[in-house]
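# Provided below are the primary sequence and the corresponding predicted coordinates.
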Amino acid sequence: MSQKVVVIFSGGMDSYTVLNLACKQGLEVYALSFDYGQRHKKELDYASKACLELGVQHKIVDISAINQLIGGSSLTSDIEVAEGHYAEDSMKTTVVPNRNMILLSMAVGYAVSIDATKVYYGAHSGDHAIYPDCRPEFVHKMNDVCAIANYEAVEIVTPYLDVSKIAILTAGLEMGLDYGKTWTCYNGREKACGKCGACQERLEAFANNNQTDPLDYE
């Protein structure tokens, strides 16, 4: 009997790679996506299609009411999304307060309820500068808590925590993944903007892999 795991799946490149990695490892995967009121809700459509194609059980949970408590991010509030690379201080406006702790807590609860032993999510080194809840120290502390928060210990697994998006794309391409089936842009328009930090990092990853991004850009 294969091991059950929960994968937090946004519909973006990183979590798409993690999802496929877990599937290829022969795990029984339960994908979990969240509608937290993000302006790029379009990513959830990509998540649904990807899970359907993979034959993975998938839940999309609406927690958008939480924005009454955690506003102030350009991803969830009426604030213009900054343009530029993640290295720029302006990208801190995309931080959603306590997001990953909230999402991980719910994913761990889901894992316990279905007898899954692990929760996977796609934090990577490119996120460390801007997002505190993607840094190794956060993951390690969350693992400590999740070992004792329930009668059943749940492990937080971050396969790409110490590598860049460039390396994640390299790994995904070696798996034969089609990244045209993912959405990265923080603006939820018809085409990706190509200017926000998420787009720029994605395009940089493709350039460094000598590949052309299959997504359409404005």
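Nice, I can see it.

# How far off centre is the longest helix along the chain?
Across the chain, the helix with the greatest residue count (assigned by DSSP state H) is helix 99-113. Between the centre of helix 99-113 and the centre of its chain there are 14 Å (Cα atoms, centre = their mean, to the nearest Å).

# Just checking, which helix or strand succeeds that helix along the chain?
strand 118-120 (DSSP states H and E).

# about what we covered before: what's the mean pLDDT across the longest helix of the chain?
In this model, helix 99-113 has a mean pLDDT of 94.

# buried ones in the longest strand seen in the chain?
Across the chain, the longest stretch assigned as strand under DSSP state E is strand 28-35. Within strand 28-35, the residues that count as buried by 16 or more other Cβ atoms under 10 Å are 29-34. Glycine gets a C-beta too; all of them are placed from N, C-alpha and C.

# residue ranges for the helices of this structure, please.
Taking DSSP H as the test, the helices found in the chain are 13-24, 42-54, 99-113, 136-146, 165-174, 197-208.

# In JSON lines, list the ones you listed along with mean neighbour count.
Below are the helices of the chain laid out as JSON lines (neighbours: other Cβ atoms under 10 Å):
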{"stretch": "helix 13-24", "mean neighbour count": "23"}
{"stretch": "helix 42-54", "mean neighbour count": "17"}
{"stretch": "helix 99-113", "mean neighbour count": "19"}
{"stretch": "helix 136-146", "mean neighbour count": "16"}
{"stretch": "helix 165-174", "mean neighbour count": "19"}
{"stretch": "helix 197-208", "mean neighbour count": "20"}
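
# Could you export those as a markdown table, including distance to Ser125?
Below are the helices of the chain laid out as a markdown table (distance: least, Cβ to Cβ, whole Å):
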| stretch | distance to Ser125 |
| --- | --- |
| helix 13-24 | 11 |
| helix 42-54 | 21 |
| helix 99-113 | 15 |
| helix 136-146 | 9 |
| helix 165-174 | 8 |
| helix 197-208 | 11 |
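
# closest one to Val7 among those?
Using Cβ to Cβ as the measure, helix 13-24 is the one of the helices of the chain that comes nearest Val7, at 5.0 Å.
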